[in-house]
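K.L.:
A structural model of the following input is requested.
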Amino acid sequence: SERNMSKIELHPLFMLTVSDHHARISLGSSPLPTDSPSLGLIFGVSTATTLTCLDGQPFLLSSDNLPSPANLDTQLRLHQACFPSRDIVGWYCSEPCVPQKLQITKMLQQRYSASLFVAYDPGTSAFSALTLSQLQGGEAWVERPVTYDTELPEKVAVAHVASNQTSGLSPKVRALAAVEAGMQGVSERMDAILRYLRAVKDGSRDMDVDMLAKIAAVTGQVPTGGG
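P.N.:
Presented below is the predicted three-dimensional model:
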């Protein structure tokens, strides 16, 4: 059945991942042409009232211009090895998006009950959410409001991103500014992470495999920007 879409939350790490993915491509740190859109899966969780986008992971299109089902299943399996409660809840694409947006959404909807599509506008760093819904008369895209319900340090990081958006800057500079601001938010957590890892290493704290997996996920978000 289709996931609940009454409230959609975007986590800062998800937004940072999408912004960094676009920056990698546009700055030539990817095998793709620099004008290629960034495409990726959205991993998240859903409750009776909320769908939360927690993380993103790029995917490539196969020869039929659709993502490979086998590759998507592998990406899901590897992600759930660290985060068992998460599922594929949709996909994202930077604007202008690929023309096969409808076909990709239908594929994920049928395979994972995931009808959410998140568009990222590199020019304004804005995110918008759409769902493919069954309405009277057929299928239609329905725009969904998004919220950014986060912990205080993450709200500060998002505020930094917003404050660095200057209309006079080029899209590439804005993308880099968003990555830099997002990294400021991640760096604020590093002292706590290092204290925990040192305590585990010297034996003063027990090793928590789930905590280590979460730390790996956070540090794995560190962008490379221009390479």
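K.L.:
Sticking with the residue nearest to residue 105 when sequence neighbours are not counted, tell me its helix or strand.
P.N.:
Spatial nearest neighbour of residue 105, excluding adjacent residues (Cβ to Cβ, 6 or more residues apart in numbering): residue 132 at 4.9 Å. For the C-beta atoms, the positions are set from N, CA and C on the backbone; glycine is no exception. Assigned by DSSP states H and E, residue 132 falls within strand 126-135.
K.L.:
next helix or strand past that strand?
P.N.:
strand 138-144.
K.L.:
That following strand packs against which elements?
P.N.:
strand 126-135 (3 or more Cβ pairs under 8 Å, 6 or more residues apart in numbering; DSSP states H and E).
K.L.:
I would like the residues contacting the strand it packs on, please.
P.N.:
Strand 126-135 has contacts (Cβ atoms under 8 Å, 6 or more residues apart in numbering) with 2, 5, 8, 10, 15, 18, 102, 105-106, 109, 115-121, 139-146.
K.L.:
How much space separates the residue nearest to residue 105 from residue 91?
P.N.:
Distance, residue 132 to residue 91, using Cβ to Cβ, to the nearest Å: 11 Å.
K.L.:
more neighbours, these two?
P.N.:
Higher neighbour count among residue 132 and residue 91: residue 91, with 24 against 20, using other Cβ atoms under 10 Å.
K.L.:
Where does residue 102 sit: helix, strand or coil?
P.N.:
With DSSP: H, G, I helix; E, B strand; the rest coil as the basis, residue 102 sits in helix.
K.L.:
now the strand holding residue 132: how far from the chain's centre is it?
P.N.:
Put simply, strand 126-135 sits 16 Å off its chain's centre (Cα atoms, centre = their mean, to the nearest Å).
K.L.:
Can you check the pLDDT for the nearest residue to residue 199 once chain neighbours are set aside?
P.N.:
Leaving aside its sequence neighbours, residue 199 sits nearest to residue 205 (Cβ to Cβ, 6+ apart; 4.0 Å). Note on residue 205: pLDDT of 83.
K.L.:
Sketch out the strands for this structure, chain order is fine.
P.N.:
8-10, 39-46, 51-58, 87-94, 116-121, 126-135, 138-144, 146-147 (DSSP state E).
K.L.:
What are the buried residues along the longest one?
P.N.:
Which is strand 126-135. Of all the residues in strand 126-135, those buried under the rule 16 or more other Cβ atoms under 10 Å are 127, 129, 130, 131, 132.
K.L.:
and what of the fifth one?
P.N.:
Buried residues in strand 116-121, defined by neighbour count with 16+ other Cβ under 10 Å: 116, 117, 118, 119, 120.
K.L.:
Quickly note the distance from the fourth one to residue 70.
P.N.:
The reference is to residue 119. Noted for residue 119: a distance of 26 Å to residue 70, by Cβ to Cβ.
K.L.:
go on, the third one?
P.N.:
Shown here: residue 118 relative to residue 70, a distance of 24 Å by Cβ to Cβ.
K.L.:
can you check the second one too?
P.N.:
Using Cβ to Cβ, one obtains 22 Å as the distance from residue 117 to residue 70.
K.L.:
now swap in the first one and tell me
P.N.:
For residue 116, the distance to residue 70 (Cβ to Cβ) stands at 22 Å.
K.L.:
Tell me where the model's unsure across the chain.
P.N.:
For the chain, the stretches with pLDDT under 70 are 1-6, 135-137, 149-191, 210, 214, 217-227.
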